[in-house]
Structure formats: C-alpha cells, structure tokens
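Undergrad: Here is a sequence with its predicted model. Questions after.
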Amino acid sequence: MSHHLDTPLAAQGGQLYIDDLYVFNGDRATVFVMDVNSSVTKADIKRGFHAEARYEIKIHFNGADMEGLTYRFAFGEPDADGKQALQLYELPGADARDDAAMGTPIAEGRTGEVSTGGNVRVWAGRITDPFFIDLDELATINGAVKNGSPVDRSAWRADQAKNSFAGTTVESIVLEVSHDEPLLRDGTEIGVWCRTMLATDAGGWRQINRAGHPMMWPIFWPHDTDFSDPANFRHPSKDLTEGGEEIATAVAGVVAANGTAPDPQAYGWSVARQLYPDLLSYRVGTAANYGFAIRNGRTMADNAPEVMFSLILNMGTTSGLTSDVTKAARAASFPYVVPA
C-alpha cells in the first residue's frame, strides 16, 4: 500500500514502491496516474523503473470483487541517455486476474515521450511530486492511532504547516484511456487499484506493493518498515474479511479517546467498510474529487491527508496546506504531470 517514507526496502529498491494513485477525468478520457520511487528517502536510489518488474493498473467494474481489466507496463534497461523502452499490455476478462496471461500489446515507446495506441495515450518518466503533507502533523495522528489516545497537537500549528515533499520527485506512469474504449464508456462505475510485481527465480511473479486509497500505510502501519503486513500482499477482495477488524479496532480506539463517536466500535467498522476493499471508486466521465462528502476518484490537487485524517478521527481536521503549494507540479493537459 502506498507509502513515501524512508524505509530500508524503499531505500534499496524504490522503483518497486508505490507512492500514489490518481484517477480522474481527462479530455474525453479517464486518466490513471501511478507514482513510484520517491526521492524523499534521500537515499542513493536507482532512477527509472525496474526492468524485471510489472507495473499494473487493475480495474473492477460495477462493484465486482475481481478485476475485469488490467493495464500492464513493462520497461527495459536504461539506455545511455537514461531512457527506457516501455510496453503496455491490455488484459480484459479472465486474463485481467491471471498473472500467467500475456495480454495484448497496445502501445510502446520510451520514457519521457508520449506514446499512443488504439484508445490510449501513455507517458512515463521522472516528475515533480504533486503530493503534499506536513509530516509533523502526520506524527501526531500516528501516535493517536497507535496508542488509542487523544491527538496531541501541542507541537504542531496549522498556520505554520509546511509541505514536507517540496522539491521531491517520483517516477510516474500516466495512462489516458479514451471513452471510446468499450469497457470504459462514459458513466461506467469502476474501482481501481495498482500494484508492482517482480519476477521470481521460479519463473512466476510476486506482488511487491499495492495501492488504492491514499495514506493507508502511513496511518495504520507507519512502523512496518519492511512492509511485512499481509495487507500489502493480498488481493483487495480479501481485505474486509482478513483485515477489517484491524482497521475497525484502530479507528474505534482513537475516536473513543477523542470522544468523537457515541459508538466507537460501530464507527470503526463503518470506516473499515469505506476503506476496504482498498479501491479508488470512480464514475467514468465525472469530475473526480477525493473529498469529505464524496470520494470519486482522486485528482492531484485533492487534499488526501486532510480527508483521511478527518475520516479516521471523525472530526474536521485541517492539514494547514492547500493545493496551491503544488500547483507548479500539475498541468492542465496531457500528461497532466510536470517532468522534473
């Protein structure tokens, strides 16, 4: 699940670790953005995408437990200019959930360049990270959730909030799928997640990292620096039965301590059911908004930390920041990101 912060594994192989997932409306198209390999680790990370990995965007239709469409990206080794060949494969139907399925190649090109094929446009490369948060505030939330205690903001002030990710970069995959694509027509209800996969010595594939809702790992598992929690490896269809109680209990503890819910356990389960299965829900062709009243996709301007903190605590919680702090990291037209 998505996580920017410095961990031993991220420092060794940030190419495989997902930072964010965005889903929003483009030019008569649905836009999917998957970011990995944040420079916030301040480690000597290897730039680009892993040449032995798969980067997958998984799409569920009309509330289905299993994905009905997968877009799979593969990258070659960097050339002398640091650019990598890329291939995009489409896997519909049963193939979407079959790791052994090859898929149909629909686009190819190189990083840093726009590639097209059929109903898609693709761009991948290093960008200025559009994500924003003050990590000092996150620390106050982490402590409260971990300990089931009141939020202590005595050392943090909203009017002095700073974007801890200012000046950082990520590797980004941008996929724009036209509404002419039969499976993604205007009005289609979808659920989206993404994952990285790494080839195994036995010839198969192993899921390394997955992401749907923002802020899941930083809020619920901030100290799991080796990503060993089973939430990272399972399929979203198993989230509620295998992990719902964990989320419900954590939320119940913190709202009870803060006095923000008359029935903490019931509220905890309501949050677990909103966050699991861990998919971004979106109605194709509509304005995306990851907000308080509605969570419909997610744009790069949405204040996801503020929304998630408020949901977990069951009270309005400001981040002290607005999307203006990263307006230079967003573009109005394809590829919607700003190359670093």
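TA: Perfect, I can see it now.

Undergrad: Going by C-alpha atoms from here, please, whenever you check contacts or count neighbours.
TA: OK.

Undergrad: Do I have it right that I173 meets R121?
TA: No - when contacts are counted by C-alpha atoms under 8 Å, I173 is not listed as touching R121 (10.9 Å).

Undergrad: Can you pick out the residue with more neighbours from those two?
TA: Between I173 and R121, counting by other C-alpha atoms under 10 Å, I173 is the more crowded of the two (24 against 19).

Undergrad: gap between the more buried one and G285?
TA: In this structure, I173 lies at 20 Å from G285, with C-alpha to C-alpha, to the nearest Å as the measure.

Undergrad: Does F73 belong to a helix, a strand or coil?
TA: Counting by DSSP: H, G, I helix; E, B strand; the rest coil, the backbone at F73 sits in strand.

Undergrad: where does the stretch 201-340 of the chain dip in pLDDT?
TA: Along the stretch 201-340 of the chain, no part satisfies pLDDT under 70.

Undergrad: go again using 80 as the cut-off
TA: 224-227 (pLDDT under 80).

Undergrad: got the residue ranges for the helices in it?
TA: 216-220, 239-258, 264-275, 304-313 (DSSP state H, counting those that start in this stretch).

Undergrad: Please export the C-alpha coordinates of the longest one as PDB.
TA: In this case it means helix 239-258. Taking C-alpha atoms only, helix 239-258 is exported to PDB below (Å, rounded to 0.1, in the frame of the first residue of the first chain):
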ATOM      1  CA  ASP A 239      -9.400  -7.000   2.600                       C
ATOM      2  CA  LEU A 240     -12.600  -6.800   4.700                       C
ATOM      3  CA  THR A 241     -12.700 -10.400   5.900                       C
ATOM      4  CA  GLU A 242      -8.900 -10.600   6.600                       C
ATOM      5  CA  GLY A 243      -8.200  -7.000   7.700                       C
ATOM      6  CA  GLY A 244     -11.400  -5.300   8.500                       C
ATOM      7  CA  GLU A 245     -11.200  -5.900  12.300                       C
ATOM      8  CA  GLU A 246      -7.700  -4.500  12.400                       C
ATOM      9  CA  ILE A 247      -8.900  -1.200  10.800                       C
ATOM     10  CA  ALA A 248     -12.100  -1.100  12.800                       C
ATOM     11  CA  THR A 249     -10.300  -1.600  16.100                       C
ATOM     12  CA  ALA A 250      -7.700   1.100  15.400                       C
ATOM     13  CA  VAL A 251     -10.300   3.600  14.400                       C
ATOM     14  CA  ALA A 252     -12.600   2.700  17.400                       C
ATOM     15  CA  GLY A 253      -9.700   3.300  19.800                       C
ATOM     16  CA  VAL A 254      -8.800   6.700  18.500                       C
ATOM     17  CA  VAL A 255     -12.300   8.000  18.300                       C
ATOM     18  CA  ALA A 256     -13.100   6.700  21.700                       C
ATOM     19  CA  ALA A 257     -10.100   8.500  23.100                       C
ATOM     20  CA  ASN A 258     -11.100  11.800  21.400                       C
END
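
Undergrad: which secondary structure elements does that helix contact?
TA: Contacts defined by 3 or more C-alpha pairs under 8 Å, 6 or more residues apart in numbering; DSSP states H and E place helix 239-258 against helix 135-147, helix 264-275, helix 304-313.

Undergrad: Kindly recompute the last result at 6 Å.
TA: Based on contacts counted as 3 or more C-alpha pairs under 6 Å, 6 or more residues apart in numbering; DSSP states H and E, the elements that helix 239-258 packs against are helix 264-275.

Undergrad: the inter-axis angle of the helix it packs on versus helix 239-258?
TA: 140 degrees (axes from the mean of the first three to the mean of the last three C-alpha atoms, to 10 degrees).

Undergrad: So which bits of helix 264-275 are buried?
TA: 264-265, 267-273, 275 (16 or more other C-alpha atoms under 10 Å).

Undergrad: Equivalent analysis for stretch 66-82, please.
TA: By neighbour count on 16+ other C-alpha under 10 Å, the buried set for stretch 66-82 is 66-76, 78.

Undergrad: List just the nearest of those residues to S149.
TA: Each of these was checked against S149 using C-alpha to C-alpha; the closest is M66, at 36.9 Å.

Undergrad: Tell me how far that closest one lies from T225.
TA: Here M66 is placed at a distance of 29 Å from T225 (C-alpha to C-alpha).

Undergrad: what's the answer for L279, then?
TA: With distances taken as C-alpha to C-alpha, L279 is found 23 Å from T225.

Undergrad: The two - which one has more neighbours?
TA: The neighbour comparison of L279 against T225 (other C-alpha under 10 Å) goes to L279, with 23 against 16.

Undergrad: From V177, how far off is the more buried one?
TA: Noted for L279: a distance of 18 Å to V177, by C-alpha to C-alpha.

Undergrad: Any chance of JSON lines for the buried residues of helix 264-275, columns distance to G117?
TA: Listed next are the buried residues of helix 264-275 as JSON lines, based on distance: C-alpha to C-alpha, whole Å:
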{"residue": "P264", "distance to G117": "50"}
{"residue": "Q265", "distance to G117": "49"}
{"residue": "Y267", "distance to G117": "46"}
{"residue": "G268", "distance to G117": "45"}
{"residue": "W269", "distance to G117": "43"}
{"residue": "S270", "distance to G117": "42"}
{"residue": "V271", "distance to G117": "40"}
{"residue": "A272", "distance to G117": "39"}
{"residue": "R273", "distance to G117": "38"}
{"residue": "L275", "distance to G117": "34"}
